[in-house]
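Asks: kindly return the folded structure for what I paste below:
(chains A and B)
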Amino acid sequence: MRQSKSIELATGFFAALGFAAMFFMVTQITNRSPTFGDAGFHLEADFDNVGSLKEGAPVSMSGVSVGRVESIRFNQGTYKAHVVLRIQPQYNRIPDDSDAAIFTAGLLGGQYVGLQAGGSETFYRDGGHIELTQSAIVLEELISKFLFSFASKEADQKTAPPAQSP
Amino acid sequence: MSTVNLRIDRLGGVRGALEKLGAYLLFAGRLLLASPRAVLRPGLVVAQIYNAGALSLALIMFCGLFVGMVLGLQGADLLQRFGAEEALGPAAALGMLKQLGPVVAALLFAGRAGTALTSEIGLMAATDQLSAMEMMAVDPVRRVCVPRFLGALIALPLLTAIFITIGLYGSQLVGVQLLGIDAGQFWSQMRNAVELDDIAEGMVKSVFFALAIASLAVFEGFHAQPTAEGVGRATTRTVVNSSIAVLLLNYVLTAFYIH
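Replies: Predicted structure coming up:
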(Lines give C-alpha, C1' and ligand atoms only; values in the text may rest on other atoms or scores of the structure.)
Protein backbone atom coordinates (compact mmCIF):
# COMPACT_ATOMS: atom_id res chain seq x y z
CA MET A 1 0.00 0.00 0.00
CA ARG A 2 2.73 2.41 0.97
CA GLN A 3 4.71 1.68 -2.17
CA SER A 4 1.68 2.13 -4.41
CA LYS A 5 1.04 5.55 -2.82
CA SER A 6 4.55 6.70 -3.62
CA ILE A 7 4.16 5.44 -7.20
CA GLU A 8 0.97 7.44 -7.50
CA LEU A 9 2.70 10.49 -6.12
CA ALA A 10 5.57 10.18 -8.61
CA THR A 11 3.17 9.60 -11.50
CA GLY A 12 1.10 12.58 -10.48
CA PHE A 13 4.20 14.73 -10.22
CA PHE A 14 5.34 13.59 -13.67
CA ALA A 15 1.95 14.26 -15.28
CA ALA A 16 1.70 17.69 -13.61
CA LEU A 17 5.18 18.57 -14.83
CA GLY A 18 4.32 17.42 -18.36
CA PHE A 19 1.16 19.49 -18.52
CA ALA A 20 2.96 22.46 -16.98
CA ALA A 21 5.55 22.21 -19.77
CA MET A 22 2.79 22.13 -22.41
CA PHE A 23 1.10 25.12 -20.77
CA PHE A 24 4.42 26.96 -20.74
CA MET A 25 4.93 26.28 -24.45
CA VAL A 26 1.45 27.41 -25.44
CA THR A 27 1.43 30.58 -23.33
CA GLN A 28 5.04 31.68 -23.10
CA ILE A 29 6.83 30.96 -26.35
CA THR A 30 4.12 32.12 -28.72
CA ASN A 31 2.04 35.27 -28.64
CA ARG A 32 -0.52 34.11 -31.13
CA SER A 33 -3.50 33.41 -28.93
CA PRO A 34 -5.63 30.48 -30.05
CA THR A 35 -8.97 32.32 -30.07
CA PHE A 36 -7.62 35.03 -32.32
CA GLY A 37 -8.89 33.42 -35.52
CA ASP A 38 -12.52 33.95 -34.60
CA ALA A 39 -12.41 37.60 -33.59
CA GLY A 40 -12.15 40.71 -35.73
CA PHE A 41 -13.41 41.80 -39.15
CA HIS A 42 -12.29 41.39 -42.74
CA LEU A 43 -10.85 43.91 -45.16
CA GLU A 44 -10.08 43.17 -48.80
CA ALA A 45 -7.42 44.65 -51.01
CA ASP A 46 -6.21 43.96 -54.56
CA PHE A 47 -2.48 44.22 -55.22
CA ASP A 48 -0.66 44.15 -58.57
CA ASN A 49 2.10 42.13 -56.96
CA VAL A 50 2.26 40.71 -53.44
CA GLY A 51 5.91 39.69 -53.69
CA SER A 52 6.59 37.02 -51.09
CA LEU A 53 3.78 38.02 -48.73
CA LYS A 54 2.53 34.96 -46.84
CA GLU A 55 -0.74 34.07 -45.18
CA GLY A 56 -0.45 34.86 -41.47
CA ALA A 57 1.82 37.87 -42.07
CA PRO A 58 1.12 40.84 -39.79
CA VAL A 59 -0.93 43.89 -40.76
CA SER A 60 0.39 46.98 -39.06
CA MET A 61 -0.51 50.62 -38.66
CA SER A 62 2.30 52.96 -37.59
CA GLY A 63 4.34 49.88 -36.78
CA VAL A 64 1.75 48.37 -34.41
CA SER A 65 0.29 45.02 -35.35
CA VAL A 66 -3.46 45.38 -35.84
CA GLY A 67 -4.27 42.12 -37.62
CA ARG A 68 -3.08 39.37 -39.95
CA VAL A 69 -3.22 38.39 -43.60
CA GLU A 70 -5.87 35.70 -43.80
CA SER A 71 -5.77 34.61 -47.43
CA ILE A 72 -4.07 35.45 -50.71
CA ARG A 73 -5.73 34.45 -54.00
CA PHE A 74 -5.16 35.33 -57.62
CA ASN A 75 -8.24 36.99 -59.08
CA GLN A 76 -8.71 35.94 -62.69
CA GLY A 77 -11.18 38.75 -63.35
CA THR A 78 -8.89 41.63 -62.49
CA TYR A 79 -5.55 39.81 -62.89
CA LYS A 80 -4.56 41.01 -59.46
CA ALA A 81 -3.77 39.35 -56.17
CA HIS A 82 -6.80 39.40 -53.89
CA VAL A 83 -5.70 39.67 -50.26
CA VAL A 84 -8.06 39.29 -47.32
CA LEU A 85 -6.93 40.91 -44.06
CA ARG A 86 -8.36 40.13 -40.65
CA ILE A 87 -8.27 43.16 -38.37
CA GLN A 88 -8.64 42.88 -34.60
CA PRO A 89 -12.07 44.06 -33.40
CA GLN A 90 -10.81 46.95 -31.27
CA TYR A 91 -9.39 48.72 -34.36
CA ASN A 92 -12.80 49.73 -35.73
CA ARG A 93 -11.93 53.35 -36.47
CA ILE A 94 -9.76 52.96 -39.57
CA PRO A 95 -10.75 55.69 -42.09
CA ASP A 96 -12.23 54.19 -45.26
CA ASP A 97 -9.80 56.00 -47.52
CA SER A 98 -6.76 54.45 -45.84
CA ASP A 99 -4.27 52.82 -48.18
CA ALA A 100 -2.44 49.52 -47.96
CA ALA A 101 1.14 48.83 -48.99
CA ILE A 102 3.42 45.82 -48.74
CA PHE A 103 6.69 46.41 -46.91
CA THR A 104 9.62 44.26 -45.90
CA ALA A 105 10.59 44.09 -42.22
CA GLY A 106 14.35 44.56 -41.97
CA LEU A 107 16.82 43.37 -44.53
CA LEU A 108 16.02 39.67 -44.33
CA GLY A 109 12.65 39.89 -42.60
CA GLY A 110 9.31 38.74 -43.88
CA GLN A 111 6.89 40.99 -45.71
CA TYR A 112 3.92 42.62 -44.05
CA VAL A 113 0.98 44.83 -44.98
CA GLY A 114 1.18 48.40 -43.73
CA LEU A 115 -2.00 50.47 -43.50
CA GLN A 116 -1.69 54.25 -43.72
CA ALA A 117 -4.61 56.11 -42.17
CA GLY A 118 -6.49 58.46 -44.48
CA GLY A 119 -8.52 61.52 -43.58
CA SER A 120 -12.05 60.27 -44.08
CA GLU A 121 -14.73 60.72 -41.43
CA THR A 122 -16.25 57.29 -42.10
CA PHE A 123 -14.62 54.03 -41.13
CA TYR A 124 -14.03 50.62 -42.67
CA ARG A 125 -16.51 47.91 -41.77
CA ASP A 126 -16.46 44.14 -42.17
CA GLY A 127 -15.86 43.26 -45.80
CA GLY A 128 -14.60 46.73 -46.70
CA HIS A 129 -12.46 47.09 -49.81
CA ILE A 130 -9.21 49.04 -49.75
CA GLU A 131 -9.00 50.98 -53.04
CA LEU A 132 -5.52 52.47 -52.79
CA THR A 133 -2.82 49.82 -52.76
CA GLN A 134 0.88 49.77 -53.38
CA SER A 135 2.59 46.58 -54.50
CA ALA A 136 5.55 44.91 -52.93
CA ILE A 137 8.88 46.18 -54.18
CA VAL A 138 10.49 43.41 -56.17
CA LEU A 139 14.25 43.73 -56.03
CA GLU A 140 14.83 42.63 -59.66
CA GLU A 141 12.40 45.26 -60.93
CA LEU A 142 14.09 47.90 -58.84
CA ILE A 143 17.53 46.98 -60.16
CA SER A 144 16.41 46.82 -63.79
CA LYS A 145 14.67 50.20 -63.46
CA PHE A 146 17.82 51.67 -61.99
CA LEU A 147 20.00 50.18 -64.72
CA PHE A 148 17.69 51.39 -67.50
CA SER A 149 17.55 54.92 -66.14
CA PHE A 150 21.31 54.87 -65.66
CA ALA A 151 21.86 53.69 -69.26
CA SER A 152 19.47 56.20 -70.75
CA LYS A 153 21.13 59.00 -68.79
CA GLU A 154 24.49 57.96 -70.13
CA ALA A 155 23.10 57.85 -73.66
CA ASP A 156 21.66 61.35 -73.21
CA GLN A 157 25.02 62.66 -72.12
CA LYS A 158 26.75 61.15 -75.16
CA THR A 159 24.29 62.55 -77.72
CA ALA A 160 24.08 65.96 -76.10
CA PRO A 161 26.65 68.49 -77.35
CA PRO A 162 29.50 69.16 -74.93
CA ALA A 163 28.30 71.98 -72.79
CA GLN A 164 30.27 75.20 -72.61
CA SER A 165 33.73 74.06 -73.52
CA PRO A 166 36.14 76.83 -72.91
CA MET B 1 21.84 -24.33 -59.34
CA SER B 2 23.34 -22.02 -56.77
CA THR B 3 21.54 -19.01 -58.25
CA VAL B 4 18.26 -20.88 -57.91
CA ASN B 5 18.99 -21.61 -54.27
CA LEU B 6 20.00 -18.03 -53.71
CA ARG B 7 16.76 -16.87 -55.25
CA ILE B 8 14.72 -19.15 -53.05
CA ASP B 9 16.66 -17.94 -50.03
CA ARG B 10 16.02 -14.38 -50.93
CA LEU B 11 12.37 -15.13 -51.54
CA GLY B 12 12.26 -16.78 -48.13
CA GLY B 13 13.78 -13.66 -46.56
CA VAL B 14 11.25 -11.40 -48.22
CA ARG B 15 8.47 -13.72 -47.23
CA GLY B 16 9.69 -13.82 -43.64
CA ALA B 17 9.89 -10.03 -43.51
CA LEU B 18 6.38 -9.69 -44.90
CA GLU B 19 5.07 -12.21 -42.40
CA LYS B 20 6.73 -10.30 -39.58
CA LEU B 21 5.29 -7.01 -40.82
CA GLY B 22 1.83 -8.54 -41.11
CA ALA B 23 2.08 -10.05 -37.62
CA TYR B 24 3.15 -6.68 -36.26
CA LEU B 25 0.31 -4.80 -37.94
CA LEU B 26 -2.28 -7.33 -36.75
CA PHE B 27 -0.89 -7.15 -33.23
CA ALA B 28 -0.89 -3.33 -33.30
CA GLY B 29 -4.51 -3.40 -34.48
CA ARG B 30 -5.36 -5.77 -31.63
CA LEU B 31 -3.70 -3.42 -29.14
CA LEU B 32 -5.62 -0.43 -30.46
CA LEU B 33 -8.93 -2.30 -30.45
CA ALA B 34 -8.38 -3.51 -26.89
CA SER B 35 -7.25 -0.08 -25.65
CA PRO B 36 -10.65 1.51 -24.87
CA ARG B 37 -11.36 -1.33 -22.43
CA ALA B 38 -8.40 -0.22 -20.33
CA VAL B 39 -10.59 2.56 -18.92
CA LEU B 40 -12.11 -0.14 -16.72
CA ARG B 41 -8.80 -0.68 -14.93
CA PRO B 42 -7.02 2.69 -14.88
CA GLY B 43 -4.69 1.59 -12.07
CA LEU B 44 -2.80 -0.69 -14.44
CA VAL B 45 -2.22 2.16 -16.89
CA VAL B 46 -1.14 4.57 -14.14
CA ALA B 47 1.46 2.07 -12.94
CA GLN B 48 2.81 1.89 -16.48
CA ILE B 49 2.87 5.67 -16.88
CA TYR B 50 5.05 5.59 -13.79
CA ASN B 51 7.33 2.94 -15.29
CA ALA B 52 7.62 4.53 -18.73
CA GLY B 53 7.31 8.19 -17.84
CA ALA B 54 8.25 9.07 -14.29
CA LEU B 55 11.29 6.80 -14.34
CA SER B 56 12.50 8.38 -17.61
CA LEU B 57 12.06 11.89 -16.26
CA ALA B 58 15.59 12.43 -14.95
CA LEU B 59 17.18 11.19 -18.18
CA ILE B 60 14.89 13.33 -20.35
CA MET B 61 15.49 16.47 -18.29
CA PHE B 62 19.25 16.01 -18.22
CA CYS B 63 19.52 15.32 -21.95
CA GLY B 64 17.05 18.08 -22.82
CA LEU B 65 19.14 20.61 -20.97
CA PHE B 66 22.29 19.64 -22.84
CA VAL B 67 20.64 19.38 -26.25
CA GLY B 68 19.23 22.89 -25.71
CA MET B 69 22.59 24.20 -24.53
CA VAL B 70 24.46 22.86 -27.53
CA LEU B 71 21.74 24.25 -29.80
CA GLY B 72 22.27 27.66 -28.21
CA LEU B 73 26.04 27.44 -28.51
CA GLN B 74 26.17 26.21 -32.10
CA GLY B 75 23.27 28.39 -33.20
CA ALA B 76 24.82 31.53 -31.75
CA ASP B 77 28.15 30.76 -33.41
CA LEU B 78 26.49 30.22 -36.78
CA LEU B 79 24.21 33.25 -36.53
CA GLN B 80 27.04 35.54 -35.42
CA ARG B 81 28.72 34.93 -38.80
CA PHE B 82 25.70 36.59 -40.43
CA GLY B 83 25.43 39.23 -37.74
CA ALA B 84 22.01 37.94 -36.77
CA GLU B 85 22.62 36.52 -33.30
CA GLU B 86 19.36 37.97 -32.00
CA ALA B 87 17.61 35.39 -34.22
CA LEU B 88 18.84 32.70 -31.82
CA GLY B 89 15.49 32.68 -29.99
CA PRO B 90 13.37 31.67 -32.98
CA ALA B 91 16.08 29.35 -34.32
CA ALA B 92 16.40 27.46 -31.04
CA ALA B 93 12.65 27.38 -30.43
CA LEU B 94 11.70 26.14 -33.89
CA GLY B 95 14.55 23.64 -34.04
CA MET B 96 13.63 22.32 -30.62
CA LEU B 97 9.86 22.26 -31.15
CA LYS B 98 9.79 20.73 -34.58
CA GLN B 99 12.79 18.43 -34.83
CA LEU B 100 15.17 17.96 -31.93
CA GLY B 101 12.55 17.82 -29.18
CA PRO B 102 10.27 15.09 -30.55
CA VAL B 103 13.04 13.06 -32.21
CA VAL B 104 15.68 13.04 -29.48
CA ALA B 105 13.08 12.49 -26.76
CA ALA B 106 11.65 9.58 -28.77
CA LEU B 107 15.07 7.99 -29.33
CA LEU B 108 15.92 8.31 -25.63
CA PHE B 109 12.52 6.93 -24.75
CA ALA B 110 13.03 3.93 -27.03
CA GLY B 111 16.32 3.21 -25.30
CA ARG B 112 15.07 3.80 -21.77
CA ALA B 113 11.43 2.68 -21.70
CA GLY B 114 11.03 0.63 -24.91
CA THR B 115 13.74 -1.83 -23.91
CA ALA B 116 12.30 -2.16 -20.42
CA LEU B 117 8.90 -3.02 -21.91
CA THR B 118 10.30 -5.62 -24.28
CA SER B 119 12.50 -7.35 -21.75
CA GLU B 120 9.77 -7.36 -19.11
CA ILE B 121 7.15 -8.89 -21.39
CA GLY B 122 9.73 -11.20 -22.96
CA LEU B 123 10.79 -12.46 -19.55
CA MET B 124 7.15 -12.98 -18.60
CA ALA B 125 6.79 -15.14 -21.70
CA ALA B 126 10.05 -16.99 -20.96
CA THR B 127 8.93 -17.80 -17.43
CA ASP B 128 5.50 -18.99 -18.66
CA GLN B 129 3.65 -16.21 -16.84
CA LEU B 130 1.73 -15.36 -19.99
CA SER B 131 0.70 -18.98 -20.54
CA ALA B 132 -0.37 -19.15 -16.90
CA MET B 133 -2.65 -16.16 -17.46
CA GLU B 134 -4.16 -17.83 -20.49
CA MET B 135 -4.80 -20.92 -18.37
CA MET B 136 -6.74 -18.71 -15.95
CA ALA B 137 -8.76 -17.31 -18.87
CA VAL B 138 -7.04 -13.92 -18.52
CA ASP B 139 -6.13 -12.40 -21.87
CA PRO B 140 -2.43 -11.47 -21.57
CA VAL B 141 -2.79 -8.89 -24.35
CA ARG B 142 -5.43 -7.08 -22.36
CA ARG B 143 -3.86 -7.58 -18.93
CA VAL B 144 -0.16 -7.09 -19.78
CA CYS B 145 0.29 -5.53 -23.20
CA VAL B 146 -2.45 -2.88 -23.42
CA PRO B 147 -1.63 -1.08 -20.13
CA ARG B 148 2.04 -0.92 -21.11
CA PHE B 149 1.17 0.30 -24.59
CA LEU B 150 -1.11 3.01 -23.23
CA GLY B 151 1.31 4.00 -20.49
CA ALA B 152 4.06 4.59 -23.05
CA LEU B 153 1.63 6.34 -25.40
CA ILE B 154 0.68 8.85 -22.69
CA ALA B 155 4.17 9.24 -21.25
CA LEU B 156 6.12 10.19 -24.39
CA PRO B 157 4.20 13.37 -25.39
CA LEU B 158 4.48 14.60 -21.79
CA LEU B 159 8.18 13.79 -21.73
CA THR B 160 8.61 15.59 -25.07
CA ALA B 161 6.96 18.73 -23.70
CA ILE B 162 9.29 18.64 -20.68
CA PHE B 163 12.29 17.99 -22.93
CA ILE B 164 11.48 21.00 -25.14
CA THR B 165 10.85 23.34 -22.20
CA ILE B 166 14.07 22.38 -20.45
CA GLY B 167 15.90 22.57 -23.78
CA LEU B 168 14.71 26.12 -24.38
CA TYR B 169 15.88 27.01 -20.90
CA GLY B 170 19.27 25.51 -21.82
CA SER B 171 19.48 27.56 -25.05
CA GLN B 172 18.57 30.66 -23.11
CA LEU B 173 21.20 29.83 -20.50
CA VAL B 174 23.99 29.61 -23.08
CA GLY B 175 22.76 32.32 -25.46
CA VAL B 176 21.82 34.96 -22.92
CA GLN B 177 23.87 34.24 -19.80
CA LEU B 178 27.03 33.00 -21.46
CA LEU B 179 27.23 34.67 -24.88
CA GLY B 180 25.48 37.90 -23.96
CA ILE B 181 22.62 37.91 -26.44
CA ASP B 182 19.92 40.29 -25.23
CA ALA B 183 17.30 38.40 -23.20
CA GLY B 184 14.46 40.63 -24.41
CA GLN B 185 15.40 40.08 -28.06
CA PHE B 186 15.71 36.34 -27.46
CA TRP B 187 12.22 35.95 -26.03
CA SER B 188 10.35 38.55 -28.06
CA GLN B 189 11.71 37.31 -31.38
CA MET B 190 10.88 33.77 -30.33
CA ARG B 191 7.31 34.77 -29.46
CA ASN B 192 6.89 36.52 -32.79
CA ALA B 193 8.22 33.61 -34.80
CA VAL B 194 6.57 30.67 -33.07
CA GLU B 195 3.00 29.85 -34.05
CA LEU B 196 0.64 27.56 -32.19
CA ASP B 197 0.84 25.27 -35.22
CA ASP B 198 4.56 24.79 -34.59
CA ILE B 199 3.86 23.56 -31.06
CA ALA B 200 1.08 21.34 -32.34
CA GLU B 201 3.44 19.90 -34.95
CA GLY B 202 5.92 18.82 -32.29
CA MET B 203 3.20 17.28 -30.15
CA VAL B 204 1.58 15.45 -33.09
CA LYS B 205 4.97 14.07 -34.04
CA SER B 206 5.60 12.81 -30.52
CA VAL B 207 2.20 11.06 -30.48
CA PHE B 208 3.07 9.24 -33.71
CA PHE B 209 6.50 8.32 -32.34
CA ALA B 210 4.90 7.08 -29.13
CA LEU B 211 2.50 4.89 -31.13
CA ALA B 212 5.39 3.40 -33.10
CA ILE B 213 7.72 2.81 -30.14
CA ALA B 214 5.07 1.48 -27.76
CA SER B 215 3.55 -0.94 -30.27
CA LEU B 216 6.97 -2.15 -31.50
CA ALA B 217 8.29 -2.68 -27.97
CA VAL B 218 5.23 -4.61 -26.81
CA PHE B 219 5.14 -6.64 -30.03
CA GLU B 220 8.80 -7.64 -29.77
CA GLY B 221 8.40 -8.61 -26.12
CA PHE B 222 5.25 -10.60 -26.73
CA HIS B 223 6.75 -12.48 -29.69
CA ALA B 224 10.23 -12.94 -28.24
CA GLN B 225 11.67 -16.44 -28.21
CA PRO B 226 11.20 -17.61 -24.62
CA THR B 227 14.91 -17.95 -23.88
CA ALA B 228 17.47 -15.63 -22.34
CA GLU B 229 19.04 -15.14 -25.76
CA GLY B 230 15.70 -14.60 -27.44
CA VAL B 231 14.72 -11.86 -24.95
CA GLY B 232 18.08 -10.17 -25.49
CA ARG B 233 17.62 -10.22 -29.25
CA ALA B 234 14.08 -8.91 -28.99
CA THR B 235 15.32 -6.02 -26.85
CA THR B 236 17.95 -5.16 -29.46
CA ARG B 237 15.35 -5.31 -32.22
CA THR B 238 13.12 -2.93 -30.27
CA VAL B 239 15.80 -0.26 -30.14
CA VAL B 240 16.86 -0.74 -33.77
CA ASN B 241 13.35 -0.92 -35.22
CA SER B 242 11.93 1.92 -33.19
CA SER B 243 14.90 4.18 -34.01
CA ILE B 244 14.42 3.47 -37.71
CA ALA B 245 10.67 3.95 -37.41
CA VAL B 246 11.08 7.26 -35.57
CA LEU B 247 13.55 8.72 -38.08
CA LEU B 248 11.53 7.52 -41.07
CA LEU B 249 8.24 8.78 -39.64
CA ASN B 250 9.93 12.06 -38.81
CA TYR B 251 10.85 12.64 -42.44
CA VAL B 252 7.37 11.75 -43.63
CA LEU B 253 5.65 13.95 -41.04
CA THR B 254 8.01 16.86 -41.71
CA ALA B 255 7.35 16.62 -45.45
CA PHE B 256 3.64 16.46 -44.70
CA TYR B 257 3.79 19.60 -42.55
CA ILE B 258 5.94 21.59 -44.95
CA HIS B 259 3.39 21.28 -47.76
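Asks: mind listing what the residue of the stretch 101-250 of chain B at minimum distance from chain A touches?
Replies: Closest approach between the stretch 101-250 of chain B and chain A, counting by Cβ to the nearest Cβ: B:L158, at 2.7 Å. Every C-beta, even on glycine, is put in place using the N, C-alpha and C of the backbone. Listed by Cβ atoms under 8 Å, 6 or more residues apart in numbering or on different chains, the contact partners of B:L158 are A:14-15, A:17-19, A:21-22, B:53.
Asks: from B:V138, how far off is it?
Replies: Taking Cβ to Cβ, to the nearest Å as the measure, B:L158 falls 29 Å from B:V138.
Asks: just say helix, strand or coil for A:V113.
Replies: Secondary structure, DSSP: H, G, I helix; E, B strand; the rest coil: A:V113 is strand.
Asks: what about it, how many neighbours?
Replies: 27 (other Cβ atoms under 10 Å in any protein chain shown).
Asks: now it: closest residue in space that isn't a chain neighbour?
Replies: A:V59 (4.6 Å; Cβ to Cβ, 6 or more residues apart in numbering or on different chains).
Asks: what sits against the one you found?
Replies: With Cβ under 8 Å, 6+ apart, A:V59 has these contacts: A:65-69, A:85-87, A:112-115.
Asks: and what about A:S60, helix, strand or coil?
Replies: Taking three-state DSSP, the label given to A:S60 is strand.
Asks: what packs against the helix or strand in which B:G89 is found?
Replies: Using DSSP states H and E, B:G89 sits within helix B:88-94. Packed against helix B:88-94, as judged by 3 or more Cβ pairs under 8 Å, 6 or more residues apart in numbering or on different chains; DSSP states H and E, are the following elements: helix B:57-81, helix B:146-172, helix B:183-193.
Asks: give me the contacts around that helix.
Replies: A:29, B:68, B:71-72, B:75-76, B:79, B:167-168, B:171-172, B:175, B:181, B:185-190, B:192-194, B:198.
Asks: with stretch B:63-72 instead?
Replies: Against stretch B:63-72 from outside (Cβ under 8 Å, 6+ apart): B:88, B:92, B:95-96, B:100-101, B:104-105, B:108, B:162-175, B:178-179.
Asks: in chain A, where is pLDDT below threshold?
Replies: In the predicted model of chain A, residues A:1-3, A:31-38, A:106-109, A:160-166 satisfy pLDDT under 70.
Asks: up against chain B, what does chain A have?
Replies: A:7-8, A:10-11, A:13-15, A:17-19, A:21-22, A:24-26, A:28-32, A:34, A:56, A:108 (Cβ under 8 Å from any Cβ of the partner chain).
Asks: recalculate using a threshold of 6 Å.
Replies: Residues of chain A lying near chain B by Cβ under 6 Å from any Cβ of the partner chain: A:7, A:10-11, A:14, A:17-18, A:21-22, A:24-25, A:29-32, A:34.
Asks: identify each buried residue in the helix or strand where B:T236 lies, please.
Replies: Taking DSSP H and E as the definition, B:T236 sits inside helix B:228-258. For helix B:228-258, a neighbour-count test (16 or more other Cβ atoms under 10 Å in any protein chain shown) marks B:231, B:233-235, B:237-239, B:241-243, B:245-246, B:249-250, B:253 as buried.
Asks: one more: stretch B:131-143?
Replies: For stretch B:131-143, the neighbour count (16+ other Cβ under 10 Å) marks B:133, B:140-142 as buried.
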